[in-house]
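**Q** I'd like to go over a predicted model; first the sequence, then the structure.
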Amino acid sequence: MKPATGSVAGSGRLAGRLIGVGVTGSIAAYKAADLVRRLADEGADVVVLMTPSATRFVGELTFAALSRHPVETDVGGLLPDRRIGHIVVADSVDAIVVAPATAHWLASMATGLAGDAVTAACLATRAPVIVAPAMDGEMYAHPATRANVARIRDAFGYRIVEPESGPLASGQSGQGRLADTSAIVDAVVAAISGTAVREPDEAARPPLVAGDRDADLDGRHVVISAGGTAEPIDPVRFIGNRSTGKMGVALVEAAVARGARVTLLAGHVSVALPTDPAIRTVIAETTADMNRAVRAAIVDADVLIMAAAVADFRPRETAASKIGRDGGLTLDLEPTEDILAGVAAAVPPIGDPARPVLVGFAAETGSLDRAADKLHRKGVDFLVANDVAEEGSGFGTDTNHVWILSVDGEPVDLPLRSKRDVADEILDRVAAALDARDGAAQTGTVTQESRA
């Protein structure tokens, strides 16, 4: 496959075109990857939008790698330049093709319920929309589904690429199989044939994701924690925080793209976790579980990045059954273990070639004055600090504004940018530190710090 570049130059029936591909939560979602490839082979620049349920079948990383654009999964998601992602897609695409389109999505679209990025972009665009349904045969034959298909075709002018007949995922046979991707591409070509490129200005189109880095982490084992921790009060309640896991997932995706073997230690997260053969995922939702998982994973790790927001306190005792609400609730809290400081104390000191690179995160509010102290107190190589109260820089956002502090350099201010860009900035420094460590091992150089 020739990668999409964002350029209006090129050859093929879709040369210079920007095509949006909407993926919804069907088992046929994996076929959308082939559709993206075929559209790119026709010269198109492709941007992908996904419903939340679609991310359970295919990870965002797959489509980001194929399209070279950020994948829009959140109807309120912002691009690094603060533009609304699905609106930029809606305003610049030559066509949107929804494939596969589930019965649920057809019903949402027919009634204008913009609860996901795919539906919202279709509602906001003046470009042609092509829809390729895929579902069980009885579902597609149901009068409700047929009425929804008829409405978006006749009232909205959407082109329907009818599903094929044959064996279905349910084990039954009927009309419901996603149409062949070549037929879907032909429908896209037909929908925009004879029209001018809608938005030739690349600056007005969705941005490309960060450029490819060298495989500078090839063969490295990188351990990354993500999300928050959930400290149980009773079987149904817990003490937690607002961390979603987005920054950790961005780090995982960036590390895999650079050739690393990744162990993801997932705490309490609210984002889809990436799926890739290079990723081993361990669920560790409490601080105690996270500590055990980190200790096990660090044994052969080259890098530990603690992006998880680990709780500072937990209930001293956990009730065995749900606590009643009568009389209120008083919690007796105890400090949790400082996982990163404990690991730093257990591994060789900074400067020793046998030491893994340790990266910590510090989520602060209002001031980053404590960050430098945390860098030295925790004994890490790098500390990534941000003010979570700053707009666009905190839990649940697609962007971040961070400072990267290191033991052997001045703090670096990284103004607001996508979390994936932040991840690559962090990994640039990690890769350089690994190279320096390996160089020291080969030359037998030992720093003053490692002798101390």
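**A** That came through, no problem. Here the structure is a predicted model, which means the values were calculated and not measured.

**Q** all helices for the stretch 251-400 of the chain, in order.
**A** 287-297, 339-346, 371-378 (DSSP state H, counting those that start in this stretch).

**Q** Buried ones in the second one, by neighbour count?
**A** For helix 339-346, burial by neighbour count (16 or more other CB atoms under 10 Å) applies to 339-341, 343-344. No exception for glycine: its C-beta is placed from N, CA and C like everyone else's.

**Q** if we can go back for a sec, and the helices of the stretch 251-400 of the chain, which one is worst for confidence?
**A** Ranked by mean pLDDT, the helices of the stretch 251-400 of the chain end with helix 371-378 at the bottom, a mean of 88.

**Q** what's the angle between it and helix 339-346?
**A** 50 degrees (axes from the mean of the first three to the mean of the last three CA atoms, to 10 degrees).

**Q** rewinding a little: is it possible to export the buried residues of helix 339-346 to JSON lines including distance to residue 386?
**A** Converted to JSON lines, the buried residues of helix 339-346 look like this (distance: CB to CB, whole Å):
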{"residue": "339", "distance to residue 386": "19"}
{"residue": "340", "distance to residue 386": "16"}
{"residue": "341", "distance to residue 386": "20"}
{"residue": "343", "distance to residue 386": "22"}
{"residue": "344", "distance to residue 386": "21"}
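
**Q** I'd like the helices of the stretch 251-400 of the chain laid out as JSON lines, including distance to residue 222.
**A** JSON lines is the format used below for these (distance: least, CB to CB, whole Å):
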{"stretch": "helix 287-297", "distance to residue 222": "10"}
{"stretch": "helix 339-346", "distance to residue 222": "14"}
{"stretch": "helix 371-378", "distance to residue 222": "19"}
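
**Q** Select, out of the ones you listed, the one closest to residue 312.
**A** helix 287-297 (8.8 Å; CB to CB).

**Q** Run through who's touching the closest one.
**A** 223, 225, 229, 231, 263, 265, 267, 282-284, 304, 306, 308, 310-311, 314, 336-337, 339, 342-343 (CB atoms under 8 Å, 6 or more residues apart in numbering).

**Q** Just give me the closest of the buried residues of helix 339-346 to residue 40.
**A** residue 340 (41.9 Å).

**Q** what comes up buried for stretch 12-27?
**A** 13-14, 16-27.

**Q** Between which two of these is the distance greatest?
**A** 16 and 27 (33.5 Å).

**Q** picking up where we left off before, out of the buried residues of stretch 12-27, list just those in strands.
**A** 18-23 (DSSP state E).

**Q** and which of these is nearest to residue 109?
**A** For these, the nearest to residue 109 is residue 22 (9.7 Å; CB to CB).

**Q** show me what contacts that closest one?
**A** 48-51, 96-99, 101, 117-118, 121-122.

**Q** and stretch 294-305, which residues are buried?
**A** 294, 297-298, 301-305.

**Q** Just put the residues you listed in JSON lines and tack on distance to residue 320.
**A** Shown next, in JSON lines, are those (distance: CB to CB, whole Å):
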{"residue": "294", "distance to residue 320": "28"}
{"residue": "297", "distance to residue 320": "31"}
{"residue": "298", "distance to residue 320": "33"}
{"residue": "301", "distance to residue 320": "36"}
{"residue": "302", "distance to residue 320": "42"}
{"residue": "303", "distance to residue 320": "39"}
{"residue": "304", "distance to residue 320": "34"}
{"residue": "305", "distance to residue 320": "36"}
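
**Q** Show me which of those residues is closest to residue 323.
**A** Among these, and counting by CB to CB, the member closest to residue 323 is residue 294, at 30.4 Å.

**Q** one step back: which one, of the helices of the stretch 251-400 of the chain, ends up nearest to residue 126?
**A** Residue 126 sits nearest to helix 371-378 of all those, at 47.5 Å, using CB to CB.

**Q** Residue 395: how many residues sit nearby?
**A** Residue 395 has 16 neighbouring residues, counting by other CB atoms under 10 Å.

**Q** Next: residue 437.
**A** 20.

**Q** Could you say which helix or strand holds it?
**A** helix 419-443 (DSSP states H and E).

**Q** Against which helices or strands is that helix packed?
**A** helix 246-257, strand 303-306, strand 357-364, strand 382-387, strand 399-406 (3 or more CB pairs under 8 Å, 6 or more residues apart in numbering; DSSP states H and E).
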